[in-house]
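Peer 1: Structure for the following, please:
(2 chains)
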2 protein chains.
Amino acid sequence: MKSDSIAVDVPAESSSVIKGKAPLLGLARDHTGSGGYKRGLSIFDFLLRLAAIVAALAAAATMGTSDETLPFFTQFLQFEASYDDLPTFQFFVVAIAIVAGYLVLSLPFSVVTIVRPLAVAPRLLLLVLDTAALALDTAAASAAAAIVYLAHNGNTNTNWLPICQQFGDFCQKTSGAVVSAFASVTFLAILVVISGVSLKRP
Amino acid sequence: MKSDSIAVDVPAESSSVIKGKAPLLGLARDHTGSGGYKRGLSIFDFLLRLAAIVAALAAAATMGTSDETLPFFTQFLQFEASYDDLPTFQFFVVAIAIVAGYLVLSLPFSVVTIVRPLAVAPRLLLLVLDTAALALDTAAASAAAAIVYLAHNGNTNTNWLPICQQFGDFCQKTSGAVVSAFASVTFLAILVVISGVSLKRP
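Peer 2: Numbers count the residues shown, from 1 in each chain, chains lettered A, B, ... in the order given. Below is the predicted model of the structure:
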């Protein structure tokens, strides 16, 4: 086959004009296409993070203020119940406060993912730290739930008597704190999934 | 500015030859470049999944076989302790068994991510389900940990006496089961992070 060349006639002026527009437009379209839904995810992430903060703070505050003193007392005895009577509840308050603190500190990173929805680094950082926060949050909520269950029902096999007949308010508040903590666990689990979806290639 | 055209001299034969090679090569390099490290991650994911299965099965089996009967007994009484004396331990065995079952079922998906390291769907599915398994696993391990702590130390404020002086073996086995469960929690947390890293754009 005889090698010959093909003359391609490129109009000098118009080519610069075309060059001037098309790539930018092309880039822009791709950018908003996948960037658009990811920006939406990031905004949802930010709102969910706020909700998780409220739930975690409510849980820690409710547990922290759950003290109850019974109205009757004897010469030597006054009956009082408070969260620091049980090590598990102390762990609960500390752990949930740490989770709430972390969530507040993570808000700026969440804003970064709104401004730059395709940025990978902040999103991956949030996923890793949210996973750790999820484990700590779940641990605190579940350990406290086991003790609250025991406080309500006791256990005849181990001769552990229930305490909620005497300390009704205390039990009600600690139960409310546990429910609020599980709400923040749910929000955190969704946040981890959102990070995964945002990281994936469009 | 007078509009005139520029003649671009494209050698007919060689252009087809170039077309024939370069893109493929380019594509191949990109493919193995990011596919390579992701395949490595997927293999690590598979091995970690096996380790998590072993840890979870060991935890459930240890708790399930933790019964202890004390050598002395009276005419009417025989002292026995077993995991189903405490509802939290029953929850532990069921929940950890569910997690172990899920992990076994997830192995084929993990193999798919080894064969097709750039595939997004199986990886995203694993991330979502691993996050749920992480929460359930952590909940079971932490609730049981709270009860094991109580069994060892008791609580004077609530008059809950420790039981481990009498049932030493029972307490040792339940403690071992809790430690094994937290090992599987750690593996699952790493699996969630691996999925996140694998999903991110190269």
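
Peer 1: Does anything pack onto the helix or strand containing residue A:184? Which helices or strands?
Peer 2: Applying DSSP states H and E as the criterion places residue A:184 in helix A:168-199. Using 3 or more Cβ pairs under 8 Å, 6 or more residues apart in numbering or on different chains; DSSP states H and E as the contact test, the elements touching helix A:168-199 are helix A:12-64, strand A:68-73, helix A:87-115, helix A:121-153, helix B:121-153, helix B:168-199. For every residue, glycine as well, the C-beta is placed using N, CA and C.

Peer 1: Quick check: can you name the pairing partners of the next helix or strand after the shortest one and their directions?
Peer 2: Toward the C-terminal end, the helix or strand that comes next after strand A:68-73 (DSSP H and E) is strand A:78-81. Strand A:78-81 pairs in its sheet with strand A:68-73 (antiparallel), by DSSP bridges.

Peer 1: buried ones in the partner strand?
Peer 2: Residues residue A:68 are the ones in strand A:68-73 that count as buried (16 or more other Cβ atoms under 10 Å in any protein chain shown).

Peer 1: swap in stretch A:45-59?
Peer 2: Buried residues in stretch A:45-59, defined by neighbour count with 16+ other Cβ under 10 Å: A:45-46, A:48-49, A:51-53, A:55-59.

Peer 1: Low-confidence bits of chain A, can you list those?
Peer 2: Applying pLDDT under 70 to chain A picks out residues A:1-35, A:73-78, A:202.

Peer 1: now do 50
Peer 2: A:1-3, A:12-32 (pLDDT under 50).

Peer 1: Which residue lies nearest the spatial centre of it?
Peer 2: Chain A has residue A:188 as the residue nearest its centroid, 2.9 Å off, counting by Cα atoms, centre = their mean.

Peer 1: Test my guess that that one contacts residue A:140.
Peer 2: No. At 11.8 Å, residue A:188 does not count as touching residue A:140 under the criterion of Cβ atoms under 8 Å.

Peer 1: overlap in contacts of those two?
Peer 2: The contact sets of residue A:188 and residue A:140 overlap at residue A:99 (Cβ atoms under 8 Å, 6 or more residues apart in numbering or on different chains).

Peer 1: Quick one: closest of the helices and strands packed on helix A:168-199 to residue B:85.
Peer 2: Closest of the helices and strands packed on helix A:168-199 to residue B:85 is helix B:168-199, at 9.2 Å (criterion: Cβ to Cβ).

Peer 1: buried stuff in the closest one?
Peer 2: Under 16+ other Cβ under 10 Å, the buried positions of helix B:168-199 are B:170-171, B:173-178, B:180-199.

Peer 1: Show me which residues of stretch A:156-167 are buried.
Peer 2: Under 16+ other Cβ under 10 Å, the buried positions of stretch A:156-167 are A:158, A:160-164, A:167.

Peer 1: Filtering those by proximity to chain B, which remain?
Peer 2: Restricting those to those touching chain B (Cβ under 8 Å from any Cβ of the partner chain) yields A:158, A:160-161, A:163.

Peer 1: Which of these sits closest to residue B:64?
Peer 2: Taking Cβ to Cβ as the measure, residue B:64 lies nearest residue A:158 of these, at 18.6 Å.

Peer 1: For the closest one, which non-adjacent residue is closest in space?
Peer 2: Residue nearest to residue A:158 in three dimensions, not counting chain neighbours: residue B:163, with 5.3 Å by Cβ to Cβ, 6 or more residues apart in numbering or on different chains.

Peer 1: Now do the contacts for the one you found.
Peer 2: A:158, B:81, B:151, B:154, B:170-171.

Peer 1: ok, 10 Å please
Peer 2: Contact analysis of residue B:163 by Cβ atoms under 10 Å, 6 or more residues apart in numbering or on different chains lists A:155, A:157-160, B:81, B:85-86, B:150-152, B:154, B:170-171.

Peer 1: Helix, strand, or coil at it?
Peer 2: At residue B:163, secondary structure determined by DSSP: H, G, I helix; E, B strand; the rest coil is coil.

Peer 1: With distance to residue B:92 added, can I get the helices and strands packed on helix A:168-199 in CSV?
Peer 2: Below are those laid out as CSV (distance: least, Cβ to Cβ, whole Å):
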stretch, distance to residue B:92
helix A:12-64, 23
strand A:68-73, 30
helix A:87-115, 15
helix A:121-153, 10
helix B:121-153, 4
helix B:168-199, 7
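
Peer 1: Any idea which of these gets closest to residue B:107?
Peer 2: Within the helices and strands packed on helix A:168-199, the stretch nearest residue B:107 is helix B:121-153; the backing value is 10.4 Å (Cβ to Cβ).

Peer 1: in the closest one, what counts as buried?
Peer 2: For helix B:121-153, by 16+ other Cβ under 10 Å, it's B:122-124, B:126-131, B:133-151.

Peer 1: near chain A too, which of the residues you listed?
Peer 2: Taking Cβ under 10 Å from any Cβ of the partner chain as the test, chain A is in contact with B:123-124, B:126-128, B:130-131, B:134-151 out of the buried residues of helix B:121-153.

Peer 1: and the residue nearest to residue A:95 when sequence neighbours are not counted, what does it touch?
Peer 2: Spatial nearest neighbour of residue A:95, excluding adjacent residues (Cβ to Cβ, 6+ apart): residue A:140 at 3.7 Å. Shown in contact with residue A:140 (Cβ under 10 Å, 6+ apart): A:56, A:59-60, A:63, A:88-89, A:91-99, A:177-178, A:181, A:184-185, B:138, B:142, B:146.

Peer 1: ok, now with 6 Å
Peer 2: With contact set as Cβ atoms under 6 Å, 6 or more residues apart in numbering or on different chains, residue A:140 has these partners: A:92, A:95-96.

Peer 1: cool, and residue A:147?
Peer 2: A:86, A:88, B:146.
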